[in-house]
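would you be able to build a 3D model of this:
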Amino acid sequence: MSDLRDLYQEVILDHSRSPRNFGHHEPSNREAKGNNPLCGDKFTIYALVEDGIVKDVSFDGRGCAISTASASLMTELMKGKTEEEARAMFESFHELVTADKDEPLDEALDKLNVLAGVRGYPMRVKCATLAWHTMKAALDDIDDTVVTE
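All right, here's what the predicted structure looks like:
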C-alpha cells in the first residue's frame, strides 16, 4: 500500500509541477471562474464546445498542488467527451472524493483514483473539486464565480 501511496503522490506532484493544458487555449466559447477562499485557489476554466462535444479545455490561475493536479487531470480526461459524459465524469469524481466507500473509478477514469485520498480531509476535497465545479459551471454557462464555501 505504501508503494501505491508513493506512486499517487508522485502523479499529483507531476501534474502540479507541470500542469497539462495550463493557460488560455484559443479558441474557447465557454468560460467560468472558480475560487476557494479558504486556501486561495483561483482558476478560470476555458472550454471549446462544438456540437455537444468538449473539443478543448484548459485552465489558468493558481492553486495548491492538489487543486492544480486535479485541474490538470480533469482537462486531459474531458477532451473529446460529450457534455453529458463530462457531467457524468463530474458526478463520478465528486462521489470518489466525498463518498464513504473504497470503490475505485472504472478504467476510463482510473487516473483520478490518485485523488481519492483527499476524502478524509474535507478542506482538501474543496481543493480537489474546485476545477470540476468550475468546469460544470462552464458547461452550464453560469456567469457567477464558483465558490467552494
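
in stretch 20-28, what's buried?
By neighbour count on 16 or more other Cβ atoms under 10 Å, the buried set for stretch 20-28 is 20, 21, 25, 28. Glycine gets a C-beta too; all of them are placed from N, C-alpha and C.

same check on stretch 83-103?
For stretch 83-103, using 16+ other Cβ under 10 Å, the buried residues are 83, 85, 86, 89, 90, 93, 94, 96, 97.

mind putting these into a markdown table with secondary structure, distance to residue 126 and pLDDT?
Shown next, in a markdown table, are the buried residues of stretch 83-103 (DSSP: H, G, I helix; E, B strand; the rest coil; distance: Cβ to Cβ, whole Å; pLDDT from 0 to 100):
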| residue | secondary structure | distance to residue 126 | pLDDT |
| --- | --- | --- | --- |
| 83 | helix | 24 | 98 |
| 85 | helix | 24 | 96 |
| 86 | helix | 21 | 97 |
| 89 | helix | 18 | 95 |
| 90 | helix | 15 | 96 |
| 93 | helix | 13 | 94 |
| 94 | helix | 12 | 93 |
| 96 | helix | 15 | 91 |
| 97 | helix | 10 | 92 |
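
out of the residues you listed, which comes closest to residue 121?
Set against residue 121, the nearest of the buried residues of stretch 83-103 by Cβ to Cβ is residue 97 (9.7 Å).

so that closest one sits right up against residue 127, yeah?
No. Checked against Cβ atoms under 8 Å, the pair residue 97 and residue 127 is beyond contact range at 9.8 Å.
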